[in-house]
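Asks: Show me the folded form of this:
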Amino acid sequence: MKPRDRLRIAMQKSGRLTEPALELLNRCGLTFRQSRDKLFCFGEGEPVDLLLVRDDDIPGLIAQGVCDLGIVGRNVLNEYRLTGGLAGPALAEWRPLGFGRCRLSVAVPQELDYRDASQLQGQRIATSYPGLLGEWLRERGVDASVVTLAGSVEIAPRLGTADAICDLVQSGGTLVANQLREADVLLESEAVLAGPQALPSDERGDMIELLLKRLDGVIQVRESRLLLLQTSRGALDAVIRLLPGGPQPTLLPVAGQPDQLMLQALCAGEVSWRQLEEIKKAGAREMFVLPVEKMLA
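Replies: Modelled structure (predicted):
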């Protein structure tokens, strides 16, 4: 195949999204061999390669056609849509990937009795996300000064360059260390698969469709569990009513015991001890909860 016939995915070179993204792609059956400069990973077995870059560069690389897809934070993708993607093609969020969760929030000094966004009127707010913050302020009719910083946003109030900040928050420990507290959430973020609005019309489009199917399977079973148990026909309805959400269970006869059934159920999410105890009270026995490795619908 010609080199550009291969699917190319941009992802963060180093950071909190790197390892989970590689693990997710590995679970989709993709393996890679890294180049000497550690900027490119060649796909082995499947015609899918990785380009390792700064996360802020990923949306632009997709818009320019350098890469077909990107694994990037929703915050970065949406900021690009508002500030950097006006001249290029529109980008789409194709799949939330379930890792790298955080939130873009306004934080204010701890002593401030914050009630709503109107208190930010006329204030200086430091951020690395001027597009998202500006949109949020406009929607609320707040006229504030947006101070754009590339980093170290949280120390701006202590330096006297801002009255509040808008930054990514995970645990909130950094805010506390800088005498700030979270006041308002602008965006719930996580890693997403981003790409153009429409699939390419060549072989890469087929490869993207295949990758999306694999991703859906991996994401669907990530927290799923397979529940196996035995029950009597008389207790079957009561047991089924207590099963965690999922497809209709499969029933199998137990050899030599015409009144007994083996039940197999795919459960969407964890199965707690309390749920198992309730199911047992309803008439189940010999229960097993197993992790699900792969699923292809």
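
Asks: Which strands or helices does the helix or strand bottoming out on mean pLDDT in the chain pack on?
Replies: Ranking every helix and strand in the chain by mean pLDDT, DSSP states H and E puts helix 203-221 at the bottom, with a mean of 88. Applying 3 or more CB pairs under 8 Å, 6 or more residues apart in numbering; DSSP states H and E, we find helix 203-221 packed against strand 7-12, helix 18-27, strand 91-96, strand 191-196. For the C-beta atoms, the positions are set from N, CA and C on the backbone; glycine is no exception.

Asks: contacts for the next helix or strand after that helix?
Replies: Following helix 203-221 in sequence order, the next helix or strand is strand 225-232 (DSSP states H and E). The contact list for strand 225-232 (CB atoms under 8 Å, 6 or more residues apart in numbering) reads 239, 243-244, 254, 259-267, 269-271, 279, 282-292.

Asks: Quick check on the residues you listed: which are buried?
Replies: For the contacts of strand 225-232, a burial check counting by 16 or more other CB atoms under 10 Å picks out 239, 243-244, 261-263, 265-267, 271, 279, 282-284, 287, 289.

Asks: right, and the pair among those with maximum separation?
Replies: The most widely separated members of those, counting by CB to CB, are Leu266 and Gly283 (20.5 Å).

Asks: Not counting its neighbours along the chain, what's nearest Pro249?
Replies: Closest residue to Pro249 apart from its sequence neighbours, by CB to CB, 6 or more residues apart in numbering: Ala265 at 3.9 Å.

Asks: how close does the closest residue in space to Ala92 that isn't next to it in sequence sit to Leu91?
Replies: Spatial nearest neighbour of Ala92, excluding adjacent residues (CB to CB, 6+ apart): Gln197 at 5.0 Å. Remark: distance between Gln197 and Leu91 (CB to CB, to the nearest Å) = 7 Å.

Asks: same question, Tyr114
Replies: Tyr114 is 33 Å from Leu91, by CB to CB.

Asks: packing partners for the stretch of helix or strand Ala107 belongs to?
Replies: Per DSSP H and E, Ala107 falls inside strand 102-109. When contacts are defined as 3+ CB pairs under 8 Å, 6+ apart, strand 102-109 sits against strand 164-169, strand 180-189.
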